[in-house]
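# need a structure here:
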Amino acid sequence: MGPPVTARRAPLVRDELATPVGRLVLLGRDGRLLLLAFLDGWSRQRRFLHRRLGDVEIAPGRLEATRHLADYFDGDLGAIAALRVDPGGTPFQNRVWRRLRRIPAGTTRAYGELAALLGTSRASRAVGAAAGANPVSIVIPCHRLVGADGSLVDYAFGLRRKRWLLTHEARYARG
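A predicted model of the protein is given here:
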(Lines give C-alpha, C1' and ligand atoms only; values in the text may rest on other atoms or scores of the structure.)
Protein backbone atom coordinates (compact mmCIF):
# COMPACT_ATOMS: atom_id res chain seq x y z
CA MET A 1 0.00 0.00 0.00
CA GLY A 2 1.22 3.48 -0.84
CA PRO A 3 0.89 6.64 1.19
CA PRO A 4 -2.64 7.76 2.08
CA VAL A 5 -4.43 9.85 -0.50
CA THR A 6 -5.31 13.29 0.78
CA ALA A 7 -7.76 15.72 -0.71
CA ARG A 8 -6.01 18.48 -2.59
CA ARG A 9 -7.16 21.97 -1.73
CA ALA A 10 -8.19 24.27 -4.51
CA PRO A 11 -5.48 26.80 -5.37
CA LEU A 12 -5.81 30.35 -4.22
CA VAL A 13 -7.13 32.65 -6.88
CA ARG A 14 -5.44 36.03 -7.33
CA ASP A 15 -7.32 38.93 -8.82
CA GLU A 16 -6.57 42.65 -9.05
CA LEU A 17 -8.65 45.80 -9.12
CA ALA A 18 -7.66 49.34 -10.04
CA THR A 19 -9.11 51.84 -7.55
CA PRO A 20 -8.85 55.61 -7.12
CA VAL A 21 -6.26 55.05 -4.35
CA GLY A 22 -4.17 52.31 -5.90
CA ARG A 23 -4.27 48.82 -7.25
CA LEU A 24 -5.72 46.12 -4.98
CA VAL A 25 -4.64 42.49 -4.88
CA LEU A 26 -7.25 39.97 -3.78
CA LEU A 27 -6.70 36.33 -2.88
CA GLY A 28 -9.59 33.98 -2.38
CA ARG A 29 -10.56 30.35 -2.30
CA ASP A 30 -13.87 28.52 -2.05
CA GLY A 31 -15.90 31.75 -2.14
CA ARG A 32 -13.97 33.34 0.73
CA LEU A 33 -11.60 36.27 0.65
CA LEU A 34 -8.33 35.46 2.43
CA LEU A 35 -6.36 38.57 1.65
CA LEU A 36 -6.99 42.06 0.32
CA ALA A 37 -4.09 44.48 0.09
CA PHE A 38 -2.88 47.39 -1.93
CA LEU A 39 -0.25 46.30 -4.42
CA ASP A 40 2.46 48.44 -2.81
CA GLY A 41 1.87 46.55 0.47
CA TRP A 42 1.68 43.17 -1.22
CA SER A 43 5.09 41.84 -0.16
CA ARG A 44 4.27 42.31 3.54
CA GLN A 45 0.90 40.62 3.10
CA ARG A 46 2.47 37.84 1.05
CA ARG A 47 4.82 37.07 3.97
CA PHE A 48 1.80 36.95 6.29
CA LEU A 49 0.04 34.57 3.94
CA HIS A 50 3.10 32.33 3.72
CA ARG A 51 3.34 32.15 7.52
CA ARG A 52 -0.35 31.27 7.69
CA LEU A 53 -0.68 28.78 4.83
CA GLY A 54 2.86 27.78 3.87
CA ASP A 55 3.68 27.33 0.21
CA VAL A 56 0.44 27.49 -1.70
CA GLU A 57 -0.41 27.45 -5.35
CA ILE A 58 -1.77 30.79 -6.58
CA ALA A 59 -3.56 30.95 -9.90
CA PRO A 60 -4.76 34.07 -11.69
CA GLY A 61 -8.51 34.29 -12.05
CA ARG A 62 -11.66 36.26 -11.34
CA LEU A 63 -13.15 36.54 -7.87
CA GLU A 64 -16.74 37.58 -7.21
CA ALA A 65 -15.37 39.79 -4.41
CA THR A 66 -13.65 41.93 -7.03
CA ARG A 67 -16.98 42.96 -8.52
CA HIS A 68 -18.33 43.78 -5.05
CA LEU A 69 -15.29 45.92 -4.30
CA ALA A 70 -15.65 47.73 -7.63
CA ASP A 71 -19.25 48.52 -6.63
CA TYR A 72 -18.03 49.77 -3.24
CA PHE A 73 -15.59 52.14 -4.95
CA ASP A 74 -18.42 53.29 -7.23
CA GLY A 75 -20.41 54.33 -4.14
CA ASP A 76 -22.41 51.22 -3.19
CA LEU A 77 -20.97 50.91 0.32
CA GLY A 78 -23.17 47.92 1.17
CA ALA A 79 -21.74 45.88 -1.69
CA ILE A 80 -19.01 44.42 0.53
CA ALA A 81 -21.12 43.75 3.63
CA ALA A 82 -21.99 40.16 2.79
CA LEU A 83 -18.57 39.13 1.46
CA ARG A 84 -17.32 36.02 3.19
CA VAL A 85 -13.82 36.26 4.59
CA ASP A 86 -11.33 33.81 6.02
CA PRO A 87 -8.70 35.97 7.69
CA GLY A 88 -7.24 33.30 9.96
CA GLY A 89 -6.04 34.95 13.16
CA THR A 90 -6.30 34.30 16.86
CA PRO A 91 -9.62 34.16 18.71
CA PHE A 92 -9.06 37.71 19.99
CA GLN A 93 -8.19 39.03 16.52
CA ASN A 94 -11.34 37.43 15.14
CA ARG A 95 -13.45 39.09 17.85
CA VAL A 96 -11.94 42.46 16.90
CA TRP A 97 -12.39 41.84 13.18
CA ARG A 98 -16.03 40.77 13.59
CA ARG A 99 -16.71 43.93 15.63
CA LEU A 100 -14.96 46.09 13.01
CA ARG A 101 -17.36 44.79 10.39
CA ARG A 102 -20.23 46.12 12.52
CA ILE A 103 -19.01 49.73 12.37
CA PRO A 104 -21.32 51.41 9.85
CA ALA A 105 -19.76 52.88 6.74
CA GLY A 106 -19.32 56.62 7.10
CA THR A 107 -18.63 56.41 10.82
CA THR A 108 -15.58 55.82 12.98
CA ARG A 109 -14.80 54.39 16.41
CA ALA A 110 -11.86 55.06 18.68
CA TYR A 111 -9.59 52.13 19.52
CA GLY A 112 -10.57 52.41 23.20
CA GLU A 113 -14.26 52.55 22.30
CA LEU A 114 -13.95 49.34 20.33
CA ALA A 115 -12.05 47.72 23.20
CA ALA A 116 -14.88 48.69 25.57
CA LEU A 117 -17.47 47.21 23.18
CA LEU A 118 -15.48 43.97 23.34
CA GLY A 119 -15.59 44.07 27.14
CA THR A 120 -11.86 44.75 27.42
CA SER A 121 -11.77 48.50 28.00
CA ARG A 122 -8.05 48.51 28.84
CA ALA A 123 -7.09 46.67 25.66
CA SER A 124 -7.01 49.54 23.15
CA ARG A 125 -3.41 48.68 22.21
CA ALA A 126 -4.36 45.04 21.66
CA VAL A 127 -7.27 46.21 19.48
CA GLY A 128 -4.81 48.33 17.52
CA ALA A 129 -2.46 45.37 17.08
CA ALA A 130 -5.34 43.19 15.86
CA ALA A 131 -6.46 45.89 13.44
CA GLY A 132 -2.90 46.18 12.15
CA ALA A 133 -2.78 42.42 11.53
CA ASN A 134 -6.01 42.49 9.50
CA PRO A 135 -5.34 40.72 6.18
CA VAL A 136 -8.64 41.71 4.55
CA SER A 137 -8.47 45.50 4.55
CA ILE A 138 -11.54 47.52 3.55
CA VAL A 139 -13.90 44.52 3.90
CA ILE A 140 -12.79 44.27 7.53
CA PRO A 141 -12.76 48.07 7.84
CA CYS A 142 -9.82 48.82 10.11
CA HIS A 143 -9.66 52.23 8.42
CA ARG A 144 -12.71 53.19 10.52
CA LEU A 145 -10.60 53.19 13.70
CA VAL A 146 -9.34 56.55 14.93
CA GLY A 147 -7.49 57.95 17.92
CA ALA A 148 -9.32 58.88 21.13
CA ASP A 149 -9.42 62.51 19.95
CA GLY A 150 -10.77 61.53 16.51
CA SER A 151 -7.41 61.91 14.77
CA LEU A 152 -6.38 59.64 11.94
CA VAL A 153 -3.73 57.25 13.19
CA ASP A 154 -2.21 53.98 12.08
CA TYR A 155 -3.24 52.51 8.76
CA ALA A 156 -1.04 49.86 7.16
CA PHE A 157 -1.52 51.37 3.70
CA GLY A 158 -0.96 54.99 4.67
CA LEU A 159 -2.98 57.81 6.16
CA ARG A 160 -3.66 59.28 2.69
CA ARG A 161 -5.64 56.15 1.80
CA LYS A 162 -7.35 56.03 5.19
CA ARG A 163 -8.49 59.64 4.74
CA TRP A 164 -9.72 58.90 1.20
CA LEU A 165 -11.67 55.81 2.33
CA LEU A 166 -13.32 57.67 5.21
CA THR A 167 -14.20 60.63 2.96
CA HIS A 168 -15.57 58.28 0.30
CA GLU A 169 -17.73 56.45 2.82
CA ALA A 170 -18.98 59.65 4.45
CA ARG A 171 -20.00 61.05 1.04
CA TYR A 172 -21.99 57.98 -0.01
CA ALA A 173 -23.34 57.07 3.45
CA ARG A 174 -25.14 60.41 3.53
CA GLY A 175 -26.76 59.44 0.24
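
# Against Leu53, how distant is the nearest residue to Gly78 once chain neighbours are set aside?
Nearest non-adjacent residue to Gly78, counting by C-beta to C-beta, 6 or more residues apart in numbering: Ala105, 7.6 Å away. Where C-beta positions appear, they are placed from N, C-alpha and C, glycine not excepted. As for Ala105, its distance to Leu53 is 30 Å (criterion: C-beta to C-beta, to the nearest Å).

# Name the residue in the two with the higher neighbour count.
Ala105 (18 against 15; other C-beta atoms under 10 Å).

# Now name the helix or strand holding Arg171.
helix 159-173 (DSSP states H and E).

# doesn't Leu12 make contact with Pro60?
No: assessed by C-beta atoms under 8 Å, Pro60 is found out of contact with Leu12, at 10.3 Å.

# Neighbour count: the two, which is higher?
Per other C-beta under 10 Å, whichever of Pro60 and Leu12 has more neighbours is Leu12, with 20 against 8.

# so who does the more buried one touch?
Contact analysis of Leu12 by C-beta atoms under 8 Å, 6 or more residues apart in numbering lists 27-29, 34, 53, 56-59.

# In helices only, show me these.
Secondary structure from DSSP state H places Leu53 of these in helices.

# Now flag whichever of the contacts of Leu12 is closest to Pro87.
Pro87 lies nearest to Leu34 out of the contacts of Leu12, by C-beta to C-beta, at 7.1 Å.

# what is Leu145 paired to in the beta sheet?
Assessed by DSSP bridges, Leu145 has beta-bridge partners Arg109.
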